[in-house]
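Enquirer: curious how this folds, go ahead:
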Amino acid sequence: MGRSYLAPTALLAALIYSLGACLGANAEEVTIRVAPVDDLKAVVASVEPAHQLTARARIGGTVSALKIKEGDDVAGGAEIASVVDQKLFLQMQALDQRIRSQQAQREKAQGDFDRAQELFRRGVYTKALFDQAKTALDVADRNLSALRSDRSVIEQQAAEGSVRAPGPGRILTIPVSVGRVVMPGETIATIAEDKYILRLQLPERHARFMRAGDKVEIGARGLHEEAGGGRKQGRVRIVYPEIQGGRVIADVDVVGLGDYFVGERARVYVTTGKRDTIIIPRNAVYRRAGVDFVRLASGEEVVIQLGEAHGDGVEILSGLHDGDVVSTP
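Expert: Next up, the predicted model:
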């Protein structure tokens with residue numbers, strides 16, 4: 001008699017059956033229940049600074065130096081530009097001449113007072129002339145002090161030509177250039193504060209679901225991502241009470257946005273209510289010939305359609321019903 005053999009198809013079926021039997025021996029059974037989950041809606045948010053700072057010129061003049069460029073990180077109080085007004089130096093020179101002249105008058109008044117004081121002590125000088133010399137010295141002192149105060153004011157105005165960053169952050173724009181004439185209060189640079197947030201714009205029908213403190217999920221960087229992969233967690237910091245153009249605006253705090261571009265878009269998943277669904281352990285699903293299956297406790301294989309991932313579980317869109325018992329290896 002010739003050796004008997006199994007056809008390849010029958011052999012493959014026998015192997016699959018044997019493997020299923022082995023797995024079934026160590027399988028656990030999970031009863032499927034319909035449970036409510038958060039109904040997540042994907043929206044696009046933009047990265048924005050929590051506060052946008054503006055460095056302005058405090059005096060009018062000509063921009064003599066720029067010590068920054070777009071994209072630079074600056075510390076609070078760091079000098080970023082210099083504005084020079086030549087008229088201030090001319091005024092300072094004129095005051096210096098007046099101060100020297102007043103100092104000479106003060107020295108003369110001091111000498112007159114010293115002589116009047118000595119003569120009055122000897123009794124050969126009248127009290128009226130002594131008081132007159134003393135008054136002249138006091139007037140000279142006060143005039144000299146006033147001129148020095150005027151000079152300090154001009155020195156302070158010249159020092160205010162140093163434009164400093166109002167806070168730490170990243171330089172966004174520099175609308176001026178070296179040699180340009182600027183007016184007091186004109187913008188020298190705009191600075192994005194170190195802390196970045198995600199700004200959402202939701203349709204107003206979702207406004208009732210959004211509250212400060214709610215958790216949201218942020219997709220991986222870039223608008224094209226795998227479902228459920230590489231998501232970060234964020235928290236709503238504020239929901240603005242005004243609806244603009246039919247949209248509700250909210251800000252979300254997220255850790256790790258420091259290397260994002262301002263204005264860069266990110267996918268955010270927000271909760272818009274609850275829905276009932278079936279979630280099973282991910283290891284209960286196996287794939288064959290491009291189709292997803294689960295095995296029931298009865299041994300029957302069921303074709304399923306997978307939905308969104310939820311941690312170690314996965315949502316089932318079709319194929320299972322409430323009360324089904326699924327075997328998991």
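Enquirer: okay, and for this structure, where does confidence drop off?
Expert: 1-27, 222-230 (pLDDT under 70).
Enquirer: domain-wise, how is it divided?
Expert: 25-36+277-328, 41-50+195-274, 55-83+161-193, 86-159 (automatic domain parsing).
Enquirer: turn those domains into JSON lines, columns for mean neighbour count.
Expert: The way it works is simple: take the backbone N, C-alpha and C, and place the C-beta from them, glycine included. Shown next, in JSON lines, are these (neighbours: other C-beta atoms under 10 Å):
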{"stretch": "domain 25-36+277-328", "mean neighbour count": "14"}
{"stretch": "domain 41-50+195-274", "mean neighbour count": "15"}
{"stretch": "domain 55-83+161-193", "mean neighbour count": "16"}
{"stretch": "domain 86-159", "mean neighbour count": "14"}
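Enquirer: any chance you could map the helices in the stretch 101-250 of the chain?
Expert: 127-159 (DSSP state H, counting those that start in this stretch).
Enquirer: strands of that one, residue ranges please.
Expert: Secondary structure of the stretch 101-250 of the chain (DSSP state E, counting those that start in this stretch): strands at 162-164, 169-173, 181-182, 187-193, 196-203, 215-218, 232-244, 247-254.
Enquirer: can I get those in CSV including distance to A57?
Expert: Formatted as CSV, the strands of the stretch 101-250 of the chain follow (distance: least, C-beta to C-beta, whole Å):
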stretch, distance to A57
strand 162-164, 6
strand 169-173, 15
strand 181-182, 5
strand 187-193, 6
strand 196-203, 27
strand 215-218, 39
strand 232-244, 32
strand 247-254, 31
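Enquirer: just so I know, which of those lies nearest R287?
Expert: Among these, the nearest to R287 by C-beta to C-beta is strand 215-218 (25.9 Å).
Enquirer: tell me what the closest one is packed against?
Expert: With contacts taken as 3 or more C-beta pairs under 8 Å, 6 or more residues apart in numbering; DSSP states H and E, strand 215-218 sits against strand 232-244, strand 247-254, strand 265-281.
Enquirer: format the CA atom coordinates belonging to the last one as CSV.
Expert: Same thing as strand 265-281. Taking Å, rounded to 0.1, in the frame of the first residue of the first chain, the C-alpha atoms of strand 265-281 are listed here in CSV:
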residue,chain,number,x,y,z
ARG,A,265,-1.6,73.3,13.7
ALA,A,266,-2.2,70.2,15.7
ARG,A,267,-5.1,67.7,15.9
VAL,A,268,-7.0,67.8,19.1
TYR,A,269,-9.7,65.3,20.3
VAL,A,270,-12.3,66.9,22.5
THR,A,271,-15.3,65.3,24.3
THR,A,272,-18.6,66.1,22.8
GLY,A,273,-20.8,63.8,24.9
LYS,A,274,-21.2,60.1,25.5
ARG,A,275,-22.0,57.1,23.3
ASP,A,276,-22.5,53.4,23.9
THR,A,277,-20.0,51.0,22.4
ILE,A,278,-18.3,47.6,22.9
ILE,A,279,-14.6,47.5,23.9
ILE,A,280,-12.7,44.2,24.1
PRO,A,281,-9.1,43.4,25.0
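Enquirer: skipping adjacent residues, who's closest to the residue most central in space within the chain in space?
Expert: What sits nearest the mean C-alpha location of the chain, by C-alpha atoms, centre = their mean, is Y196, with 1.5 Å. Setting aside the residues directly before and after it, Y196 is nearest to L257 in space (C-beta to C-beta, 6 or more residues apart in numbering), at 3.9 Å.
Enquirer: make TSV from the helices and strands packed on strand 215-218 and add distance to G185 to it.
Expert: Formatted as TSV, the helices and strands packed on strand 215-218 follow (distance: least, C-beta to C-beta, whole Å):
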stretch	distance to G185
strand 232-244	28
strand 247-254	29
strand 265-281	33
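Enquirer: and those: which comes nearest L40?
Expert: strand 265-281 (4.2 Å).
Enquirer: just checking, what packs against the next helix or strand after the closest one?
Expert: Downstream of strand 265-281, the first helix or strand assigned by DSSP states H and E is strand 286-288. Secondary-structure packing of strand 286-288 (3+ C-beta pairs under 8 Å, 6+ apart): strand 291-296.
Enquirer: strand partners (parallel or antiparallel) of the strand it packs on?
Expert: strand 286-288 (antiparallel), strand 301-303 (antiparallel), strand 325-328 (antiparallel) (DSSP bridges).
Enquirer: contacting residues around A284?
Expert: V30, V294, R295, V326, S327, T328, P329 (C-beta atoms under 8 Å, 6 or more residues apart in numbering).
Enquirer: could you measure from it over to G234?
Expert: 31 Å (C-beta to C-beta, to the nearest Å).
Enquirer: cool, and D251?
Expert: Taking C-beta to C-beta, one finds D251 at 10 Å from G234.
Enquirer: list residues touching both of those two?
Expert: Here D251 and G234 have L198 as joint contacts, going by C-beta under 8 Å, 6+ apart.
Enquirer: ok, the residue nearest to the centre of the chain to V181 distance?
Expert: For Y196, the distance to V181 - C-beta to C-beta - is 34 Å.
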